[in-house]
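Asks: Have a look at this prediction, sequence included:
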Amino acid sequence: MGLSTVHFEKLFVHARNITPYLDGNLVEHESSCLNHDLSTKSIEFLYTQIANRHPEAGQAYWLTRTWDLLCWQPVFVSFIAIYTQKALPDVATILQKQQHCFISGFSFMDHEWTHASRSALIKTAGELLSQLFENYREAINQWGRIRPGFTNHLLADQLLSCLVRLQELRPSYSNGAILQQAKLWLDAFNLPHKHISSLIVDVATDRLKVVRTSCCLVYKCEGRPLCANCPRLESNKANAAIAVQQVAA
């Protein structure tokens with residue numbers, strides 16, 4: 001078993017421990033998974049399935065849900081690899097499995113990983129994922145319309161949500177350390193530091209939590225409430241007034 005294979009096996013174990021939906025494996029040949037080379041038709045089919053399942057929610061929700069599903073696994077995989085192995089696979093080549101109205105499960109063809117400092121790996125992850133996500137965005141633009149400003153807000157929320165999850169898994173990371181990591185991740189994607197204001201201190205735990213800047217619009221689906229981290233919640237509007245800069249002081 002080569003070193004790269006060992007890295008992948010460790011990645012898959014860590015991913016499944018976070019959630020069984022992150023079910024990874026190695027493949028010898030590219031299968032009919034959703035990926036950055038043959039994504040246009042698959043992404044449109046996913047969007048259509050979401051629209052058919054929740055016709056009452058509207059186009060904005062269908063597009064938001066589609067984009068979040070496309071990006072959540074590549075972002076999580078990058079975080080897991082960097083913070084558990086201090087190395088990174090070529091996440092731009094990730095293969096993702098579509099299952100009805102969801103994307104769950106991913107694959108890679110075996111290849112050598114990049115080894116570097118965490119700050120350098122975060123920069124590399126930003127470059128690789130930006131390439132992947134731009135391919136997704138171009139694919140959607142062939143049959144719909146999706147603007148970078150829209151996707152950037154969703155991406156920033158995903159990055160910060162992963163950092164909060166990291167603090168849950170690694171309590172040794174202080175609030176200040178997470179804020180420093182947040183700057184590195186935002187810089188890697190050329191996103192403004194103003195998004196850091198989405199991180200606020202939970203008075204009950206003294207840990208950071210995210211109040212999203214973008215609403216996922218799930219409340220537009222029949223019978224679904226606002227999410228706990230939704231910016232539309234009155235409690236989150238009040239909590240957002242807490243100056244997170246005080247944490248780093």
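Replies: Good, I have the coordinates.
Asks: From residue 63, how far off is residue 51?
Replies: 9 Å (Cβ to Cβ, to the nearest Å). Placement of C-beta: from N, CA and C, glycine included.
Asks: More neighbours: these two, which one.
Replies: Each of residue 51 and residue 63 had its neighbours counted (other Cβ atoms under 10 Å), and the higher figure belongs to residue 63 (21 against 18).
Asks: Just the element for that one, please.
Replies: With secondary structure defined by DSSP states H and E, residue 63 is part of helix 59-85.
Asks: strands paired with the following helix or strand past that helix, and their directions?
Replies: Moving toward the C-terminus from helix 59-85, the first helix or strand encountered (DSSP H and E) is strand 87-88. Strand 87-88 sits in its sheet next to strand 114-115 (antiparallel), going by DSSP bridges.
Asks: now the partner strand, how far from the chain's geometric center?
Replies: 21 Å (Cα atoms, centre = their mean, to the nearest Å).
Asks: Rounded mean pLDDT for that strand, please.
Replies: For strand 114-115, mean pLDDT rounds to 97.
Asks: ditto for stretch 94-111
Replies: pLDDT averaged over stretch 94-111 gives 92.
Asks: Can you give the contact residues for the longest strand anywhere in the chain?
Replies: Longest strand of the chain, by residue count under DSSP state E: strand 102-109. Strand 102-109 is contacted by residues 8, 21-31, 33-34, 46, 69-70, 72-74, 77, 89-90, 93-97, 99 when judged by Cβ atoms under 8 Å, 6 or more residues apart in numbering.
Asks: Now that you've got those residues, can you turn the buried subset into something I can paste into PyMOL?
Replies: Of the contacts of strand 102-109, the buried ones can be selected in PyMOL as follows, counting by 16 or more other Cβ atoms under 10 Å:
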select buried, resi 8+21+22+24+33+34+46+69+70+72+73+74+77+89+93+94+95+96+97
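Asks: Counting neighbours, which bits of stretch 186-201 end up buried?
Replies: For stretch 186-201, using 16+ other Cβ under 10 Å, the buried residues are 186, 188-189, 191, 195-196, 198-201.
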